[in-house]
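1. Got a sequence here, can you build the structure:
(4 chains)
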Number of protein chains: 2
Amino acid sequence: MTVMETTSTDSCAAPPRPGRRPQGQDSYTISEVVAFTGLTAHTLRWYERIGLMPHIDRSHTGQRRYSNRDLDWLDLVGKLRLTGMPVADMVRYAELVRAGDHTFGERFDLLEATRRDVLARIAELQDTLAVLDRKIDFYSGAGRRFEQERYMDDTTEQAG
Amino acid sequence: MTVMETTSTDSCAAPPRPGRRPQGQDSYTISEVVAFTGLTAHTLRWYERIGLMPHIDRSHTGQRRYSNRDLDWLDLVGKLRLTGMPVADMVRYAELVRAGDHTFGERFDLLEATRRDVLARIAELQDTLAVLDRKIDFYSGAGRRFEQERYMDDTTEQAG
DNA sequence: CGCTTGCTTGGAGCGCACTCGAAGGCCATA
DNA sequence: TATGGCCTTCGAGTGCGCTCCAAGCAAGCG
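-> Predicted coordinates:
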């Protein structure tokens, strides 16, 4: 009945990730997750406190034991973080997932809005790139003569 | 002797911007600059305090009078801000410009490093875009059956 | 047993980039 | 003259995303 792969219960194909243990033995300490993600243990616990993570399994002594699914979720969070999405919005998404199937529509909307944001940010960056390229051209080319800058200094050309 | 256009003393061709007054009459109050840039007056004064702006011309009563060049610089700052460059780095660049021609090399290096950062960020965002697209496909397609998510909830497929 | 290591908790603190408030100056219009 | 509006400065406050601390527990080792 299930469509699951070895390490993924995702909604779509997920590439196998190195260092992961197979389903059933996927139980990682917080320090292992630190090594995987680059986040600090503090941050991981904080994510949990604010509701950005589900409640993580615990060992018999109360220590956190992360699953492959948790790591997948952290991957997604990491990606969304790079887009500049506020943590509060990610928490909102996490809440929708926890709330069950009836939030599919809302999740879809949120993802689409995020997608639009990402596209806009890419466009902004490409715009900036063009500006940088023009400046770099200037500095590498005529840079040593008739030098001037938008933000003027003591050089030349003040009067116009 | 100068290469200047009507509104620009930049190191490279700058498109004419709407609302700008021609060279010689380019004297804008802070509230006009607020309208241009979307920044607050507080932020503009703060930029000046921290050295991100040159010392702005003053009217006989001591009020700030911004020039086209200042607006150009603010445009650049706005672009760099979008790349996530820390304000301290922009201040550094501003200091280099103020310091004179002998900092050309350093400015060039800084711009190139920034350019690399921007390219890397674009790549990251495109990566994220791919993930979002996969998820959006899932939610718009098979979404209503066999639903599951990396960050599992109460739905299905738990056992594997 | 004591020591170390790694984990737990709640809560306080930090750095960044603003953001705002208080108190006052200048000046145009009524 | 006075009222309103926009300007000034300095310094304190805000929101975000961590980041760290102190105190304590549990396991492993000599």
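2. Okay, now the unreliable bits of chain A?
-> Applying pLDDT under 70 to chain A flags the ranges A:1-15, A:142-160.
3. Kindly report the domain assignment for it.
-> A:1-85, A:100-142 (automatic domain parsing).
4. roughly how far out does the lengthiest helix in chain A sit from the chain middle?
-> Taking DSSP state H as the criterion, chain A has its longest helix at helix A:104-140. Computed by CA atoms, centre = their mean, to the nearest Å, the chain-centroid distance of helix A:104-140 equals 15 Å.
5. try stretch A:83-102
-> Centroid displacement of stretch A:83-102 relative to its chain, using CA atoms, centre = their mean, is 13 Å.
6. Mind listing what's buried along it?
-> Residues of stretch A:83-102 classed as buried by neighbour count (16 or more other CB atoms under 10 Å in any protein chain shown): A:83, A:85, A:90, A:92, A:93, A:94, A:96, A:97, A:98, A:101. Yep, even glycine has a C-beta here, placed from its N, CA and C like the rest.
7. Mind telling me what element the spatially most central residue of chain A is part of?
-> Nearest residue to the geometric centre of chain A (CA atoms, centre = their mean): residue A:79, 2.2 Å. Element membership of residue A:79 [criterion: DSSP states H and E] is helix A:68-82.
8. and that helix, what other elements does it pack with?
-> Applying 3 or more CB pairs under 8 Å, 6 or more residues apart in numbering or on different chains; DSSP states H and E, one finds that helix A:68-82 contacts helix A:30-37, helix A:87-99, helix B:104-140.
9. how about the residues of chain A that lie near DNA strand D?
-> Within chain A, the positions near DNA strand D by CB under 7 Å from any atom of the strand are A:40, A:42, A:43, A:46, A:60, A:61, A:62, A:81, A:86, A:87, A:88.
10. just to revisit the earlier point, isn't the residue nearest to the centre of chain A up against residue B:131?
-> Yes. Assessed by CB atoms under 8 Å, residue A:79 is found in contact with residue B:131 at 5.4 Å.
11. before we move on, the earlier item: quick check: the residue nearest to the centre of chain A vs residue A:37, distance?
-> 12 Å (CB to CB, to the nearest Å).
12. Distance to residue B:75 for the domains of chain A - can I get that in CSV?
-> Shown next, in CSV, are those (distance: least, CB to CB, whole Å):
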stretch, distance to residue B:75
domain A:1-85, 21
domain A:100-142, 8
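13. Pipe those domains into TSV and attach distance to DNA strand C per row.
-> Putting the domains of chain A into TSV (distance: least, CB to the nearest atom of the strand, whole Å) gives the following:
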stretch	distance to DNA strand C
domain A:1-85	3
domain A:100-142	15
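14. in the longest helix of chain A, what's buried?
-> A:104, A:107-108, A:110-111, A:114-115, A:117-118, A:121-122, A:124-125, A:128-129, A:131-132, A:135-136, A:138-139.
15. restrict those to contacts with chain B.
-> A:104, A:107-108, A:111, A:114-115, A:118, A:121-122, A:124-125, A:128-129, A:131-132, A:135-136, A:138-139 (CB under 8 Å from any CB of the partner chain).
16. re the thing from before, what two of the buried residues of stretch A:83-102 are the furthest from one another?
-> Longest distance between any two of these is 25.7 Å, between A:83 and A:101; criterion CB to CB.
17. got the phi/psi numbers for residue A:20?
-> Torsion angles at residue A:20 (phi, psi; degrees, to the nearest 10) stand at phi -80, psi 140.
18. Make sure it is actually in contact with residue A:26.
-> Yes. Under the criterion of CB under 8 Å, residue A:20 makes contact with residue A:26 at 6.9 Å.
19. on that earlier part again, quick one, the longest helix of chain A and helix B:104-140 angle?
-> Here helix A:104-140 points in a direction 160 degrees away from that of helix B:104-140 (axes from the mean of the first three to the mean of the last three CA atoms, to 10 degrees).
20. Now do helix A:104-140 against helix B:68-82, angle only.
-> Counting by the same axes, to 10 degrees, helix A:104-140 lies at 130 degrees to helix B:68-82.
21. okay, the angle between helix A:104-140 and helix A:87-99?
-> Going by the same axes, to 10 degrees, helix A:104-140 makes 150 degrees with helix A:87-99.
22. Helix A:104-140 packs against which elements?
-> Checking 3+ CB pairs under 8 Å, 6+ apart, helix A:104-140 ends up next to helix A:87-99, helix B:68-82, helix B:104-140.
23. Out of the ones you listed, which is closest to residue A:69?
-> The minimum distance between residue A:69 and those falls on helix A:87-99, with 11.2 Å, by CB to CB.
24. And the closest one, what does it pack against?
-> By 3+ CB pairs under 8 Å, 6+ apart, helix A:87-99 packs against helix A:68-82, helix A:104-140.
25. any residue of that helix up close to DNA strand C?
-> No. Using CB under 7 Å from any atom of the strand, helix A:87-99 stays clear of DNA strand C, with a minimum separation of 11.8 Å.
26. Using CSV, list the CA coordinates for that helix.
-> Output of helix A:87-99 as CSV, limited to C-alpha atoms (Å, rounded to 0.1, in the frame of the first residue of the first chain):
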residue,chain,number,x,y,z
VAL,A,87,10.3,31.8,10.5
ALA,A,88,6.7,32.6,11.5
ASP,A,89,5.5,31.7,8.0
MET,A,90,7.4,28.4,8.2
VAL,A,91,5.8,27.7,11.5
ARG,A,92,2.4,28.4,9.9
TYR,A,93,3.1,25.9,7.2
ALA,A,94,4.2,23.4,9.9
GLU,A,95,0.9,23.9,11.7
LEU,A,96,-1.0,23.3,8.5
VAL,A,97,0.8,20.0,8.0
ARG,A,98,0.0,19.0,11.6
ALA,A,99,-3.6,20.0,11.2
